[in-house]
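[1] return atomic coordinates for the entry below.
(2 chains)
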Protein chains: 2
Amino acid sequence: MATIQDIADRLGVSKGTVSKALNGAPDVSETLQKTILETAVEMGYTIRKRREKKKLCILTENLEYEEPHQFGYDIILGFRQMAEPAGYEVEIIDVTEKLQKAFSYDVFMLKNGYVGAFVLGFSLNDPWMRDFQTAKTPAVLYDNYIMTNPRMAYVGIDNNEGMELTVSHLKALGHKKIGYLSGALGSHIMQVRHSAFFHAMRQNGLKADPALTGSSYYIIQCLEKQLPRLLEQGATAIVCGHDLLANAVMVQCQQLGLRVPADVSVTGFDDLPMSAYTSPPLTTVRQERTQLGKSGYYALDSLINGITIGTLLLHAKLVVRNSTDKPADRVGGGD
Amino acid sequence: MATIQDIADRLGVSKGTVSKALNGAPDVSETLQKTILETAVEMGYTIRKRREKKKLCILTENLEYEEPHQFGYDIILGFRQMAEPAGYEVEIIDVTEKLQKAFSYDVFMLKNGYVGAFVLGFSLNDPWMRDFQTAKTPAVLYDNYIMTNPRMAYVGIDNNEGMELTVSHLKALGHKKIGYLSGALGSHIMQVRHSAFFHAMRQNGLKADPALTGSSYYIIQCLEKQLPRLLEQGATAIVCGHDLLANAVMVQCQQLGLRVPADVSVTGFDDLPMSAYTSPPLTTVRQERTQLGKSGYYALDSLINGITIGTLLLHAKLVVRNSTDKPADRVGGGD
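    Numbers count the residues shown, from 1 in each chain, chains lettered A, B, ... in the order given. Next up, the predicted model:
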């Protein structure tokens, strides 16, 4: 492992300057500090903390977590419930694209003295997603998967199982023509759920018709362009890739004069805290958020200790509420 | 939860008889004991141990583990290294088909006072594989996956990653025509690796030709019927689904007058302890066996404590030895 002396030699500066830069002392210029940090990362320098507590960070983007009714709240709580008693300090950082462009992931972590990160809410086009492919500082990614880097792990629920539970529930009620609406397929998890839906349909001996599916980043597009098409083709149930979309689909169906679930069944995915209170309450796949946070900690602690967990998936659980029922004999429905 | 009294009432026997049967007392007939155990399982009765240590079992089939050079040795060691300091007693049971037919899995576990099982070496047609779909006693299955039962977890390495590492290694050496030989596809893990191979070929922009693949339960079939076909069609590298097959393929190639790796490259999967000593030493995908055992314990302890882990995969690691090199310009080789 590289030492402070090695870094000083490489850059032709004094050991003291390197040490100051690594500790963020204000009398080293920002440019020089950045050069020193980048060189340190390149040379494989890692912090050996002398102080008592090691620091972890939770990196969030596009995630609400401040209030108990928000999706991220319990995930972060579960993580801290495990990490803090184990002697870690945990800091939460809302990551912007600007920050990701200013520093590479490894440099950011070294600069701030973090030994590992729990990464929530990143999308495939986030700049650090590329860094994660070769990064040296352990990270656990919620709902994102980086292949072949032993410092990275993926934590989530088993989406295949969630779709299997959803489709077999609808099949048991008597549905055959089942449509699928999804958020944009530019997210890892939307891609996974999309193919999980097709897989579950096949497993249940139902025809997975691409004409009965649609996806868009914009919920309004799903509602105005795709939902009417699915209904016209006789879909008696609409499986949605996430709860916000499912709720919007229920509202739109009702505006089109269709009763949920008497005329059309709707299911969601995630069990957002609001999903028990939609009209009607939503049948959806539950993510055990506190358990996800705890599993995230376990995977991160394992990576830090050299146990190379790559994937940790929790069982999915279908929460059956009132948005699903047997299919109606609508005109154009049935087979 | 059902009590001993509930079971006694249901069967019209005394509480004492139920209690004796649950504790395996010799003065209750075998038939009556079995009826009582089955009723207890059906009614959801679970043991609340008063004694200090809870018992776990490792159920093995078709697995050698007694000696350090055998595949199962380190898996079991890793499991015990975690379980015993945590206060569990661990017993190893070699499971026969006869045992599986005599008792259901849950009845066997209750009868012996085990609170959870780590299951190694089972194949898809083992009778208990069906029991696991609805079993109530937690189990962690190495290399087997049971969907939608929250008491079951799957532990293994990431086979997709292993195949990706293998194929991209061969591609980097210059191979394009890559064949695949596998054990029988009646095993979960052989199915997973088979589709992982096709996936990895596509990911690497190579043509995955079904005519360049073959599988059989009998290694001799792979050698005599399938290997010559792959070589005739110009395969310059043979990826094998497990190390024993890879070793046999290397021996057979050499008997056919081909040098490994000068004329044909061969890779394995598992990194059996013998694979460092084959001729030539085998390039293969390593399963970190001690880590697999530790992960198995973690998943089982989590299930017992209500954290519903479904899948835990370790990162795969390619160990490059001497059985792979750049492709030769053999007659019929190249593209």
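[2] tell me the buried residues in the helix or strand harbouring residue A:227?
    Using DSSP states H and E, residue A:227 sits in helix A:227-232. By neighbour count on 16 or more other CB atoms under 10 Å in any protein chain shown, the buried set for helix A:227-232 is A:227, A:230, A:231. C-beta coordinates here come from the backbone N, C-alpha and C atoms, glycine included.
[3] which residue ranges of chain A form helices?
    A:4-11, A:15-22, A:30-42, A:71-83, A:97-102, A:105-112, A:127-131, A:159-173, A:188-203, A:219-221, A:227-232, A:243-255, A:289-304 (DSSP state H).
[4] flag every buried residue along the shortest one.
    Going by neighbour count (16+ other CB under 10 Å), the buried part of helix A:219-221 is residue A:219.
[5] which residues sit in contact with residue A:36?
    Residue A:36 makes contact with A:7, A:11, A:13, A:17, A:18, A:21, A:22, A:28, according to CB atoms under 8 Å, 6 or more residues apart in numbering or on different chains.
[6] as CSV, the buried residues of helix A:227-232 with pLDDT and distance to residue B:275 would be great.
    Output for the buried residues of helix A:227-232, formatted as CSV (pLDDT from 0 to 100; distance: CB to CB, whole Å):
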residue, pLDDT, distance to residue B:275
A:227, 96, 55
A:230, 95, 53
A:231, 95, 58
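[7] check which helices and strands the helix holding residue A:227 sits against.
    strand A:178-182, strand A:213-215, helix A:243-255 (3 or more CB pairs under 8 Å, 6 or more residues apart in numbering or on different chains; DSSP states H and E).
[8] what packs against the last one?
    Think helix A:243-255. Using 3+ CB pairs under 8 Å, 6+ apart: helix A:243-255 touches strand A:178-182, helix A:219-221, helix A:227-232, strand A:237-240, strand A:265-270.
[9] and that helix, which residues are buried?
    A:243, A:244, A:245, A:246, A:247, A:248, A:249, A:250, A:252, A:253.
[10] what about chain A, any weak spots by pLDDT?
    A:47-52, A:329-335 (pLDDT under 70).
[11] and it, which of its residues are near chain B?
    A:147-148, A:150, A:157-158, A:160-161, A:164-165, A:288, A:291, A:294-295, A:298, A:307-317 (CB under 8 Å from any CB of the partner chain).
[12] residues in contact with whatever residue of the stretch 1-150 of chain A ends up closest to chain B?
    Chain B sits closest to residue A:150 of the stretch 1-150 of chain A, with a gap of 4.6 Å, by CB to the nearest CB. Residues in contact with residue A:150 (CB under 8 Å, 6+ apart) are A:308, A:310, B:315, B:317.
[13] ok, residue A:161 next?
    Here residue A:161 is in contact with A:315, A:316, B:147, B:148, B:310 (CB under 8 Å, 6+ apart).
[14] next, the first one: phi, psi?
    Going back to what we said before, that points to residue A:315. phi -60, psi 140 (degrees, to the nearest 10).
[15] residue contacts, it?
    A:157, A:158, A:161, B:148, B:150, B:308, B:309, B:310.
[16] distance to residue B:198 added to these, as a markdown table?
    Formatted as a markdown table, the contacts of residue A:315 follow (distance: CB to CB, whole Å):
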| residue | distance to residue B:198 |
| --- | --- |
| A:157 | 26 |
| A:158 | 22 |
| A:161 | 23 |
| B:148 | 26 |
| B:150 | 31 |
| B:308 | 31 |
| B:309 | 28 |
| B:310 | 24 |
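[17] quick check: buried residues in stretch A:276-290?
    Judged by neighbour count (16+ other CB under 10 Å), stretch A:276-290 contains these buried residues: A:278, A:280, A:282, A:283, A:284, A:285, A:286, A:287, A:288, A:289, A:290.
[18] between those, which is nearest chain B?
    Of all the buried residues of stretch A:276-290, chain B sits closest to residue A:288, with 6.8 Å by CB to the nearest CB.
[19] run through the residues that contact the closest one.
    A:157, A:314, A:317, B:308.
[20] could you do residue A:18 as well?
    A:4, A:7, A:8, A:11, A:36, A:40.
[21] which of those residues are buried?
    Buried among the contacts of residue A:18 (16+ other CB under 10 Å): A:4, A:7, A:8, A:11, A:36, A:40.
[22] residue A:142: which of the residues you listed is nearest?
    residue A:40 (28.0 Å; CB to CB).
[23] for that closest one, which non-adjacent residue is closest in space?
    Excluding its sequence neighbours, the residue lying closest to residue A:40 (CB to CB, 6 or more residues apart in numbering or on different chains) is residue A:7, at 5.4 Å.
[24] touching, that neighbour and residue A:42? I think so.
    No. Under the criterion of CB atoms under 8 Å, residue A:7 is not in contact with residue A:42, lying 9.4 Å apart.
[25] quick check: closest non-adjacent residue to residue A:327.
    Distance criterion CB to CB, 6+ apart; nearest residue to residue A:327, sequence neighbours excluded, is residue A:236 at 3.7 Å.
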